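> structure for this input, please:
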Amino acid sequence: MKKYNVIVIFNKNLTKTLMCKRTKEPYMGMYNLVGGKIEKENDSLNEAYRELEEETAITKNDITLTYFMNIEYITFNKDIEVYFGILDKEVKLVEEVNALEWVDINDNFFDMNKYAGEGNIRHIIEEIKISLNSN
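Sure, this is the predicted structure:
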């Protein structure tokens, strides 16, 4: 099974989430969560930190990631690990390939003309918000 990760980054006030604007297909020109392929099978959390740092320059010193859920696509032979973290300070973002942008967490993530993932981004963000509000 191919393994990937996506990382949801919230600002300190939990009012915005970090998105990248894709420069290639699938979903070229659309907003997506940060993430990528897991290269080392048995080191998933470190792979999430690696992807985050490569794509944004946010490091382990800036944020603590929490492993939140998996989304498994049996017919596509794909497993996506979902992580999230809340920044407790301002960080300087450095774009690798895709442009980065802070987006209001109440935006319409079901807008499939703007956001990748067929509504998955909205599902992921809403589940994290529910989890944070129940603590």
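
> show the average pLDDT along the longest helix seen in the chain.
For the chain, the longest helix by residue count, based on DSSP state H, is helix 120-134. The average pLDDT within helix 120-134 is 95.

> what packs against it?
With contacts defined as 3 or more CB pairs under 8 Å, 6 or more residues apart in numbering; DSSP states H and E, helix 120-134 has these neighbours: strand 2-10, strand 66-73. Bear in mind the C-beta positions are built from the backbone N, C-alpha and C, glycine included.

> mind putting these into a markdown table with mean neighbour count, distance to Lys16 and mean pLDDT?
Output for the helices and strands packed on helix 120-134, formatted as a markdown table (neighbours: other CB atoms under 10 Å; distance: least, CB to CB, whole Å; pLDDT from 0 to 100):
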| stretch | mean neighbour count | distance to Lys16 | mean pLDDT |
| --- | --- | --- | --- |
| strand 2-10 | 21 | 7 | 97 |
| strand 66-73 | 14 | 18 | 96 |
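
> Gly35 is nearest to which of those strands?
Ranking the helices and strands packed on helix 120-134 by proximity to Gly35 (CB to CB) places strand 2-10 first, at 3.8 Å.

> buried residues, the next helix or strand after that closest one. List them.
As assigned by DSSP states H and E, the chain's next helix or strand after strand 2-10 is strand 16-21. Applying a neighbour-count criterion of 16 or more other CB atoms under 10 Å, one finds Lys16, Thr17, Leu18, Met19, Cys20, Lys21 buried in strand 16-21.
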